[in-house]
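**Student:** quick one, what's the 3D model for this:
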Amino acid sequence: MKEKLLNILQNNRLYKKIKKIHTLKRFKKEKTYKRNNLQLKINTKNKIKKVHVVSTFVFLILALLIVSLSFLKVKTINIIKKEDISNITIAYKAVDKYRWELLFLAQKDKIKKSLIDYQSNIKNVEITRIIPDTLKIEIESYKPIFKTIIDEKAYIITENWVAVPTNKENNDLWELNILSNETYNFPSYKQLFIEDYLNKIVYIKDKLKDNLLSTSIKSINYYPIEREAHYITNNDIILIFDLNGLVDDQIEKLMIFNKEYLNLSKSWIIYIDLRIKNKVFLCNSENEYQCRKNLKDIYEKK
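**Tutor:** Model prediction:
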């Protein structure tokens, strides 16, 4: 019965037509799949070719760049000073070791450190690489604040307390005399003393300038062992400050003394000692011999 029914269906035209349609659809699907698969393979190959081409191009460019850079070596170093303090000869000596290095591999931080190691007064360093073979270096020092004589040689003291040798007159700078009973080694272009004490010296100097309108300071004696600063006025009065003490209290005592008791413009004062707390010790010209002897016994080099 089943076989008869199957024969009837197979001989049926509608059945044949449906079967033909299904066969055609399957064929089209297979054909589309093969075509898409072929196109995918083609696209993949094209992409791979493009990647290879781009990679090769990039590699060649990089290789060419590396080869080119290997020829860009430092042959010329130009150092420009933005001030008249730093020593240009020492600066060239500090960076000469970077000559013949690859231009773009010369490290700016190391160059700056080399310059400052030789001259601690240098504050700012600007470095520019100039193709094909030049380093342009601009240097700038800390500002000068004092002038001094050390071992019969003239120096400028910069604001970071470095002694810089000089051959020029610096009449616009305050004179700082560094005095001690001990022998000090004063290396040029190196920091001299602890900054904190010298900062106090500047602070006192500025306060005296702003508040002592009746007189002015012409020089300062700094005693590093005693940690004292002596300010000499234009009429040769010596004002003695203790840098280990509270300098604001000492300044205030002096201002009160100057305003309410004795104007510092008087010429018969030898020195005013402000080191004792809540007291002002005065030595006048009537006791000048003893005053001078006291100062000599305590502070003069032996």
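**Student:** confirm K296 sits in a strand?
**Tutor:** No - counting by DSSP: H, G, I helix; E, B strand; the rest coil, K296 falls outside a strand, being helix.
**Student:** tell me who's in contact with it.
**Tutor:** Residues near K296 by CB atoms under 8 Å, 6 or more residues apart in numbering: none. Where you see a C-beta, it was placed from the backbone N, CA and C, and this is true even at glycine.
**Student:** how close does it sit to Y289?
**Tutor:** In this view, K296 and Y289 are 11 Å apart by CB to CB, to the nearest Å.
**Student:** D249 contacts K277, doesn't it?
**Tutor:** Yes - contact criterion CB atoms under 8 Å: D249 and K277 qualify, at 7.5 Å.
**Student:** contact partners for I298?
**Tutor:** I298 makes contacts with E226, as judged by CB under 8 Å, 6+ apart.
**Student:** try N199
**Tutor:** Counting by CB under 8 Å, 6+ apart, N199 has no contacts.
**Student:** from here on, count from 545
**Tutor:** From this message on, residue numbering opens at 545, which makes the last subject N743.
**Student:** what about it, helix or strand, and which?
**Tutor:** Assigned by DSSP states H and E, N743 belongs to helix 739-755.
**Student:** and for I700?
**Tutor:** Assigning secondary structure by DSSP H and E places I700 in strand 697-702.
**Student:** adjacent strands (with direction) for that strand?
**Tutor:** Using DSSP bridges, strand 697-702 pairs in its sheet with strand 688-694 (antiparallel), strand 707-709 (antiparallel).
**Student:** closest one to K797 among those strands?
**Tutor:** K797 lies closest to strand 688-694 among these, at 24.9 Å (CB to CB).
**Student:** now do the closest one, average pLDDT.
**Tutor:** Strand 688-694 carries an average pLDDT of 89.
**Student:** quick one: it to helix 739-755, angle?
**Tutor:** 110 degrees (axes from the mean of the first three to the mean of the last three CA atoms, to 10 degrees).
**Student:** what does strand 688-694 contact?
**Tutor:** Against strand 688-694 from outside (CB under 8 Å, 6+ apart): 629, 698-703, 707-708, 710, 714, 717-722, 730, 746, 764.
**Student:** got the CA positions of that strand in PDB?
**Tutor:** Extracted C-alpha coordinates of strand 688-694, given in PDB (Å, rounded to 0.1, in the frame of the first residue of the first chain):
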ATOM      1  CA  PRO A 688      74.700  87.800  42.100                       C
ATOM      2  CA  ILE A 689      74.000  89.200  45.600                       C
ATOM      3  CA  PHE A 690      77.400  89.900  47.200                       C
ATOM      4  CA  LYS A 691      81.000  90.600  46.300                       C
ATOM      5  CA  THR A 692      83.900  89.400  48.400                       C
ATOM      6  CA  ILE A 693      87.600  88.900  48.600                       C
ATOM      7  CA  ILE A 694      88.800  85.300  49.400                       C
END
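**Student:** what is the distance between that strand and the centre of its chain?
**Tutor:** 23 Å (CA atoms, centre = their mean, to the nearest Å).
**Student:** in it, what's buried?
**Tutor:** Buried positions in strand 688-694, judged by neighbour count with 16 or more other CB atoms under 10 Å: P688, I689, F690, K691, T692, I694.
**Student:** likewise for stretch 625-632?
**Tutor:** For stretch 625-632, the neighbour count (16+ other CB under 10 Å) marks K625, E627, I629, S630, N631 as buried.
**Student:** fine by me, thanks again.
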